[in-house]
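Q: Quick one, fold the following:
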Amino acid sequence: MRERADRSEATRRRIVEATVRLHSTIGLAAATVTAIAAEAGVTRLTVYRHFPDVTQLFAACNEHWSAQQLRPDVTAWRRVADPADRFRFGLADLYRFYRGGEAMLTNVHRDWEVIPEELRRGVTDIDLRLREVLLQPFGARGGGRRRLRAVIGHAVSFTTWRSLCVEQGLTDSEAVEAMTALIPGAALTSSDRE
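A: All right, here's what the predicted structure looks like:
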């Protein structure tokens, strides 16, 4: 009984790893069940036996890929009280993550529409939470707060990082400074203001 469970778990892991490889290389839309089965060395029926629907397969793929990444440390961001310093620190950490996961993240955003809705909502919610952590120490109110929220939301977007760093060739540090320049008062470091 235990041997059968181990074999089943090993097969499931092969399917997930095959899905991660294909999502990172050819993309989510092109990674059909047939392609995943071939990559994993199993039949389509075996894939369906382990993952009866695409949401379960995508969730397992995301979980496996995420576990291999050095995720942004949002707790460390919160320990930085100065608004401009937190923004720079958090954005640098986030952009480091984007650079490390560029292949997968590019394909995820390119093939956004094939991702199940509940998983898309999860990604969107993460971006909103990151924005709020970076926005929190700023004291802007009213229209200023609305503009600041929009600029920070733009800065935390993977597509913004990709445009600046991949398409336009900026370093992560240069991209952080470019985004910081869009925030009133944040272009000065805390030491410059003293």
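Q: quick one, helices of the protein?
A: Along the chain, the segments classed as helices by DSSP state H run 2-25, 33-40, 44-50, 54-67, 74-78, 83-100, 102-110, 117-135, 142-156, 158-161, 172-180, 190-193.
Q: Can you mark which positions in the fifth one are buried?
A: Right, helix 74-78. Using 16 or more other CB atoms under 10 Å as the test for burial, helix 74-78 gives Trp77. Glycine gets a C-beta too; all of them are placed from N, C-alpha and C.
Q: just how off-centre is that helix within its chain?
A: Average the C-alpha atoms of helix 74-78, do the same for its chain, and the two points are 16 Å apart (CA atoms, centre = their mean, to the nearest Å).
Q: Contacts made by stretch 49-63 with the rest, please.
A: For stretch 49-63, the external contacting residues (CB atoms under 8 Å, 6 or more residues apart in numbering) are 8, 11-12, 15-16, 19-20, 23, 28, 36, 47, 115-116, 118-119.
Q: Show me the protein divided up by domain.
A: For the chain, automatic domain parsing gives the domain ranges 2-67, 74-193.
Q: between those domains, which has the poorest average model confidence?
A: In terms of average pLDDT, domain 74-193 trails the rest of the domains of the chain, at a mean of 90.
Q: now that one: how far from the chain's centre is it?
A: Distance, centroid of domain 74-193 to centroid of chain: 11 Å (CA atoms, centre = their mean).
Q: what's the burial count for Ala59?
A: Ala59 has 16 neighbours, counted by other CB atoms under 10 Å.
Q: Spit out the contact partners of the spatially most central residue of the chain.
A: Nearest to the geometric centre of the chain sits Leu105, at 6.2 Å (CA atoms, centre = their mean). If a contact means CB under 8 Å, 6+ apart, then Leu105 has Tyr98, Phe158, Arg162 as its contacts.
Q: could you redo the last one with a cut-off of 10 Å?
A: Leu105 makes contact with Ser24, Trp65, Gln69, Phe97, Tyr98, Arg99, Val123, Phe158, Thr159, Trp161, Arg162 under the criterion CB atoms under 10 Å, 6 or more residues apart in numbering.
Q: what about the first one, how many residues close to it?
A: The reference is to Ser24. By other CB under 10 Å, the residues close to Ser24 number 20.
Q: correct me, but it touches Thr106?
A: Yes. In this structure, Ser24 is within contact of Thr106 by CB atoms under 10 Å, at 9.2 Å.
Q: sorry, back to before: would you turn the contacts of Leu105 into CSV with distance to Gly139?
A: Formatted as CSV, those follow (distance: CB to CB, whole Å):
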residue, distance to Gly139
Ser24, 41
Trp65, 38
Gln69, 33
Phe97, 28
Tyr98, 28
Arg99, 31
Val123, 29
Phe158, 28
Thr159, 28
Trp161, 26
Arg162, 31
